[in-house]
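Asks: 3D, please:
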Amino acid sequence: DPSVYDRVNVDGTFNVMLIAAEQQVPQVIHVSSAVVYGKPEASPFNEETPPASTRLSAYAESKYFGEQFVRRFVRDNHLPVVILQPAAIIGAGDIKASGDYVKYVLRGTLPATGMDDSVITFVPARDVVEAMVRVLGRADVIGETFIIGKEAIRLEDYLKMISNVAGKPLPRMRFSNGLILFLARVFTFIASLTKIPPLWGMSVDQARTFMTGFHADGSKAERVLGLSY
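Replies: Numbers count the residues shown, from 1 in each chain. Below is the predicted model of the structure:
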């Protein structure tokens, strides 16, 4: 149900910023996402890169508009905000498609590999939390935006790393991008009827995001916040 994204990431963000402005809180940390940039011409992209005209998913679109509300509050209400834009977050207990992807390899239930050349910037959850802690109470970073993430890796190498560490073989079959997108459309349609998440997390949005990839440069957080990824 894509409308959940709008209710949380757009409406919810607006409500939080409205209350923060009314209460005149001394600092707000808004956790956005690096996917708000879409697929810009620059690669890797950084905080100064203009976002592309479109996003790759309903989630990314909702995060983008939520962030625009935040920036409007900063401009119109002088709200003291720091914006963090994490790359693809991974870590223990991850129930998103990115975490399930690892589990499918470990359990031998991944039917095939694909999108080998797509490059995605990952970031451990602990680094995102560390960034939050490092901006707390710092007046000198009010109004700043920080991409959080450094390790850009091809999906093929990502899967090989998981396979090698776990001692589990990868499937021999490889799906083309066209087949993956076709299956994603079918699985997404079925999921919309059954209200059950699609097989292997293969929604159209997920497939499009992984297929396109995104290479984000989070070195500003290293320089300014002293963050060590």
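Asks: Is the most centrally placed residue in the chain bridged to anything, and to what?
Replies: Centroid check for the chain by C-alpha atoms, centre = their mean gives Ala88 as the closest residue, at 4.2 Å. With beta bridges defined as DSSP bridges, Ala88 has these partners: Phe122.
Asks: That one and Ser98 touch, don't they?
Replies: Yes - at 5.8 Å, Ala88 and Ser98 qualify as touching, with contact defined as C-beta atoms under 8 Å. Backbone N, C-alpha and C define where each C-beta goes, glycine included.
Asks: which one's the longest helix in the chain?
Replies: Once the chain is assigned using DSSP state H, the helix that runs over the most residues is helix 58-77.
Asks: In this protein, mark out all the strands, start to finish.
Replies: Chain-ordered strands for the chain, with DSSP state E as the definition, fall at 28-31, 81-86, 88-90, 119-124, 145-148, 151-154.
Asks: tell me how far the shortest one is from the chain's mean position?
Replies: In other words, strand 88-90. Relative to the mean C-alpha coordinate of its chain, strand 88-90 is positioned 7 Å out (C-alpha atoms, centre = their mean, to the nearest Å).
Asks: ok, now stretch 53-71?
Replies: Distance of stretch 53-71 from the chain centroid (C-alpha atoms, centre = their mean) equals 11 Å.
Asks: which residues are in contact with it?
Replies: Residues lying outside stretch 53-71 but in contact with it, judged by C-beta atoms under 8 Å, 6 or more residues apart in numbering, are 2, 5-6, 8-10, 12-14, 17, 28, 30, 32-33, 35-36, 38-39, 51, 79, 81, 83, 205-206, 208-209, 212, 214.
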